[in-house]
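K.L.:
Next one to model:
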Amino acid sequence: MTKTCLNCERTEQEIPLLNLNYRDETLLICPRCLPLLIHKPEKLVNKIPGIENLKGLDPSHEH
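P.N.:
Here you go, the predicted structure:
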């Protein structure tokens, strides 16, 4: 299985990937997409199952 960033889908052969553990699942994200997770997690609603339930998430800013 090829390891890819959950957002941009670049592989570990193209860019370093970081492990992200959430809801008993391990996901991968690259350093370029990490700020999106930190500052605009609503943009990842379709890519991280259950992230829409995060406290403080503003649903009016989706997509």
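K.L.:
can we go C-alpha only for contacts and neighbour counts from here?
P.N.:
Noted.
K.L.:
Backbone torsions only: list them for the spatially closest residue to E52 that is not a sequence neighbour.
P.N.:
Take E52 and drop its neighbours on the chain: the residue closest to it by CA to CA, 6 or more residues apart in numbering is V45, 5.7 Å away. Note on V45: backbone dihedrals following degrees, to the nearest 10 are phi -50, psi -40.
K.L.:
Give the residue spans of this protein that score low on pLDDT.
P.N.:
55-63 (pLDDT under 70).
K.L.:
Could you pull out the strands in it for me?
P.N.:
Ranges of strands in the chain, per DSSP state E, are 18-22, 25-29.
K.L.:
got a list of contacts for the last one?
P.N.:
Strand 25-29 is contacted from outside by 3-7, 17-21, using CA atoms under 8 Å, 6 or more residues apart in numbering.
K.L.:
thinking again about what came up before, possible to save the strands of the chain as a markdown table with mean neighbour count and distance to N53?
P.N.:
Listed next are the strands of the chain as a markdown table, based on neighbours: other CA atoms under 10 Å; distance: least, CA to CA, whole Å:
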| stretch | mean neighbour count | distance to N53 |
| --- | --- | --- |
| strand 18-22 | 12 | 12 |
| strand 25-29 | 16 | 16 |
